Structures are given as C-alpha cells and as structure tokens.
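Asks: I'd like to go over a predicted model; first the sequence, then the structure.
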Amino acid sequence: MSTQIPKLETNRLSLRGPEPKDYPDFKATFTSYRARYMGGPLNAYEAWMLYAAEIGHWQIRGYGMWMIHDKTSDETYGMAGAWKPAAWPEAEIAWVIWPDKAGHGYALEATHAVRDYLYAQKGWETAVSYIDPKNLDSIRLAERLGAVKDHDAATIDGNDAVYRHPAPADLKGSQLAHGIEMEISHYADPLFKPKGWAID
Amino acid sequence: MMTEFPMLETERLILRGPQPSDAEAFMAFYRTDRSQYTGGPMTDRQAWNFFGTEIGHWAIRGFGMFIVTRKGSDDPLGIVGHWYPHGWPEKEVGWVLFDAASEGQGIAREAAEACIAHAWTVLKWDTIVSYIHPENAASIALAERLGATLDREALQPKPETPGLVYRHPRASA
C-alpha cells in the first residue's frame, strides 16, 4: 500500500509530499510561537510525531498536506493542502507559512493551487477551513480566497471558526478566481509587489 | 515519496505494514484502559494522528511497527515492531495486542521474536531495548521470556516519567 503524492507546480512554487529532509523547517515553526493557532508550540518529540502523522495522513486518506518549495531554489516556505483527521466534521483546506516567509503571497498561491486540484482532480464539491478566531492572518487569507464564515457548520471543538470556500462551480472562471490570480501575479512582479504590512 | 513495507512471516503470523483499514482497531484499543501503559487512553482524534505517526515513522526511519495478523486472516491483532521516534535514546522493539482475547497464545512473543531477529540481521541494530511501564506486568513478563534483562543504567526516553528499560541480548551466532 502506498500513495503517490502528486507534484503541483505554480508560477513560483513547487508543491511536493513532505519528506524526511524537510523536517527541520517544520520543527522550527511548530516549536515556535507561530504554531500557537495550530495546536502548538510543540516540544521536539511532539513536533516529530506530528510530522510523521502528516506523512501518514497521505497514506490513510489519499490526500494531505504538501510541502511548499521555491521552484528555483527548492527552499521550503510552509505547507498547504487537505487535512481530515478523526473528529474533523469535514475535510479542510489548511496552510501554514514559516514565520520568516510570510508576506510574499506564498500561502495564497499554494492554497489556490491545492484547492483547484482538490476540486478538479479529487472531485471535492465543498471545502472548509477551521481557523482560530484570533488568527487574523489566516482569516484574512481565507477571505482573499473567497471563503466566508459559515455560522451553521459544525466546528471541531467549539474553539474554531468555520470558513467555507466557494464551491467549484462558483469559483471556476469567476471574477474571484481572476482576482486571486491577479493578486498572485502581482506578488511575483516587482512592479506590483505589495508594499506595506506583510500578510500571508 | 513511497513507503515500502517489508513483510515478516512466522509460523502462525504475518507481520505487514499498517493500512488505512487498521485505523479503527488502533483507535478502539486506545479508547480502552488496555492502552494505559502505552500512552493511552486517548481520544479518537489523538489516536488517529498517532496511527498516522506509525505510518510516517516508516517513511522517516525506513522501519517501523508492523500490524500483526494471523495467516489466513487480515484482521489486525496488534502492532509490534521497531520504534525510534525523536528523542528515544535507543532503538526499541515494542509490542501491543489490541484485544485481551488475543493474549495467552504467544502471539506477541512470536511477533516480537521475529522483529528482534529482523533488527539484528536485517536492520543491523547495535542494541535493542524495550521501554516498559513499571506496572505493565504482562509486558515485563514477555520481555523476560524473550531473554531481556532490566538495565537500570540505561537512558530514559521520557526522563520526567521514568519507566523500565529491558535490554535484549544479542543473539549468539
């Protein structure tokens, strides 16, 4: 039994399955304050166990979290993908960007690509993101992706807000999708690169 | 990334890699007090992640815990094998039988013996220990039947909650 993890390519990024050699970058973030909205900070043992679980998730579900790499340098920037451990009411689209890599639109670019993949290749009809209400950067990203707060959806444990992504039919070819692609392209273009406060 | 699971065969058992269909038996075990000496009881949410960790361990280390099945049936009876997560001072051979009904038949022993032999001959480990909760009488008894002896000097995987470290003797050629 084995899951071949597909490789996704975007303008600036290469998304691949998490590999053992990427663990130090994951550990640095998940043992830091950056992980406070993602069940952390974890100690070194917990971070290792979670990283192994990220890999195992792919094998169990057939989907999971990709490692985000720079297409040219191969440096890792974070993770984005699909996440549905036990007790999750629905499958979610999730992301995390290493703290020193925020503000370049990498999470937007990666998450937009994985959502397209999940919709087009895995047949997902809907998707949510479970976000800590205090995690304003992530809420902002969910909103830039067109997700809206779903007050009626079941939460994981009552401490999270549920953001529902636009359905595949509402996203495909929409003004929203074009807007997301334009924002991503602006990040890559020095002329349009956003100046000011860094956001994911 | 591909994870290749070897398969070990004993007289009565097949030891194979963990599969998604084993998650339920794994979670069921961790719902019960039977898991109290191996990190449980825990919620399904925790146990499911832990099961994912069991699979990911294989990918990271190249070895891991096998699901124990009887020949002729793919039902998961337990999880036995090689364990070396972050921070473990030494590599471990560990064993769990999910259900009390599987005890008393030498299943854990047969599986553990195969894994110990595999550790020496295929994985080429230099040492093998088993970390055991001090009140886990059944596991202590098995460690002793396997010829392991208590090593009071050995480093602890979790120094804040010290347990027993049983050291397995290297097989004499």
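Replies: On my side now, so go ahead. Residues are numbered from 1 along each chain as shown, chains lettered A, B, ... in the order given.
Asks: for the longest helix along chain B, packing partners?
Replies: The helix that spans the most residues within chain B, counting by DSSP state H, is helix B:44-61. Using 3 or more Cβ pairs under 8 Å, 6 or more residues apart in numbering or on different chains; DSSP states H and E, the elements in contact with helix B:44-61 are helix A:44-61, helix B:23-31, strand B:78-83. Where you see a C-beta, it was placed from the backbone N, CA and C, and this is true even at glycine.
Asks: how about 6 Å then?
Replies: Applying 3 or more Cβ pairs under 6 Å, 6 or more residues apart in numbering or on different chains; DSSP states H and E, one finds that helix B:44-61 contacts helix A:44-61, helix B:23-31.
Asks: how about the CA coordinates for that helix, as PDB?
Replies: What follows is helix B:44-61, C-alpha atoms only, in PDB (Å, rounded to 0.1, in the frame of the first residue of the first chain):
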ATOM      1  CA  ASP B  44     -10.000   9.200  18.600                       C
ATOM      2  CA  ARG B  45      -8.600  12.500  17.400                       C
ATOM      3  CA  GLN B  46      -5.300  11.800  19.200                       C
ATOM      4  CA  ALA B  47      -5.300   8.100  18.300                       C
ATOM      5  CA  TRP B  48      -5.900   8.700  14.600                       C
ATOM      6  CA  ASN B  49      -3.000  11.100  14.500                       C
ATOM      7  CA  PHE B  50      -0.900   8.600  16.400                       C
ATOM      8  CA  PHE B  51      -1.800   6.000  13.800                       C
ATOM      9  CA  GLY B  52      -0.700   8.400  11.100                       C
ATOM     10  CA  THR B  53       2.600   8.800  13.000                       C
ATOM     11  CA  GLU B  54       3.000   5.000  12.900                       C
ATOM     12  CA  ILE B  55       2.900   5.100   9.100                       C
ATOM     13  CA  GLY B  56       5.000   8.300   8.900                       C
ATOM     14  CA  HIS B  57       7.600   6.700  11.100                       C
ATOM     15  CA  TRP B  58       8.200   4.100   8.300                       C
ATOM     16  CA  ALA B  59       8.700   6.900   5.800                       C
ATOM     17  CA  ILE B  60      11.100   8.900   8.000                       C
ATOM     18  CA  ARG B  61      13.200   6.000   9.600                       C
END
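Asks: buried set for the next helix or strand after it?
Replies: Next in sequence after helix B:44-61, counting helices and strands by DSSP states H and E, comes strand B:65-70. Neighbour counts over strand B:65-70 (16 or more other Cβ atoms under 10 Å in any protein chain shown) mark B:65, B:66, B:67, B:68, B:69 as buried.
Asks: quickly check the residues you listed for the two that are furthest apart.
Replies: Distance extremes for those: the farthest pair is B:65 and B:69 at 13.3 Å, using Cβ to Cβ.
Asks: near chain B, anything from stretch A:14-30?
Replies: Yes. Contact of stretch A:14-30 with chain B (Cβ under 6 Å from any Cβ of the partner chain) involves A:17, A:19, A:20.
Asks: make a markdown table out of these and add secondary structure.
Replies: Output for those, formatted as a markdown table (DSSP: H, G, I helix; E, B strand; the rest coil):
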| residue | secondary structure |
| --- | --- |
| A:17 | coil |
| A:19 | coil |
| A:20 | helix |
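Asks: ok, of those residues, which come out buried?
Replies: residue A:17.
Asks: pLDDT wise, what is the most centrally placed residue in chain A at?
Replies: Nearest to the mean C-alpha position of chain A, by Cα atoms, centre = their mean, lies residue A:95 at 2.2 Å. With respect to pLDDT, residue A:95 has a value of 97.
Asks: and it, that's in a strand?
Replies: Yes. Under three-state DSSP, residue A:95 falls within a strand.
Asks: grab the nearest non-local neighbour of it.
Replies: residue A:80 (4.1 Å; Cβ to Cβ, 6 or more residues apart in numbering or on different chains).
Asks: residues of chain B that sit close to chain A?
Replies: For chain B, the contact set with chain A under Cβ under 6 Å from any Cβ comprises B:1-3, B:19-20, B:44-45, B:48-49, B:52-53, B:55-57, B:59-60, B:85-87.
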